[in-house]
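Asker: What follows is a predicted protein model with its sequence.
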Amino acid sequence: MAALRDDQAMPERSLRRRAVGGSVLALAGVAGVIAGTTQDGTASATLVGAGSLALLVAAILLGPVLAGPFVRAVGAVLPRISGPAGRLARDNALRNPRRSAATASALMVGATLVSAFSIIGASADESIGTTVDETLQADFIVSTSVGQPFSPAIAEEMRQIDGLASVGGVPAGLGAAGRGGLDVHGGRRGDHV
């Protein structure tokens, strides 16, 4: 029965093609981002997005090329800072730089996805907030927690409150469309609650 040994590594291909391809993509990505930030319009967003994607792929391609020199540079200081744990981490990373680069690339892609979704979420939140601020003319909205309509008498009671310039209601009801139910909401432009 054969045992797995660390000294029996698979033969590795040259990193020259990765270095050339990654460098070309990195230059194209930097050019795309710079060109996109100096232009206006939708073409600028496309250039920045394409340049960012090219930089991400370039970082993945160049990872194994740069892992060895990076680990050697950082590894010279790491044992002094972290002691035996730092020495073990340095030796493990130097043993197989491709594996270290693959792990770093996976973490980089995960961090990129989290950042992208955070940006999309914040952008959508801001866009919805801006749309509501521009279209809603009321300072306050009074509604029930379950979305059931109020009696018209509530609007009359609110009109008696000092400090409210105007109170308006939005008529609501249930209707039928074909074979399904339909919520109907209406109102005049400029109603305030």
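Answerer: Arrived safely.

Asker: what about the chain, any weak spots by pLDDT?
Answerer: By pLDDT under 70, the weakly predicted segments of the chain are 1-13, 147, 149, 171-178, 180-193.

Asker: for it, what's the longest helix?
Answerer: Longest helix in the chain by number of residues (criterion: DSSP state H): helix 97-135.

Asker: and it, how far out from the chain's middle?
Answerer: 1 Å (Cα atoms, centre = their mean, to the nearest Å).

Asker: please begin residue numbering at 59 from this point
Answerer: Will do, 59 is the new start, and the previous item becomes helix 155-193.

Asker: Mind listing what's buried along that helix?
Answerer: 155, 156, 158, 159, 162, 163 (16 or more other Cβ atoms under 10 Å). In short, each C-beta sits where N, CA and C put it, glycine included.

Asker: Switch the residues you listed over to TSV; also include distance to residue 135.
Answerer: Listed next are the buried residues of helix 155-193 as TSV, based on distance: Cβ to Cβ, whole Å:
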residue	distance to residue 135
155	18
156	23
158	17
159	20
162	18
163	24
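
Asker: Widest-spaced pair of those?
Answerer: The distance between the two most remote of the buried residues of helix 155-193 (Cβ to Cβ) is 12.2 Å, for 155 and 163.
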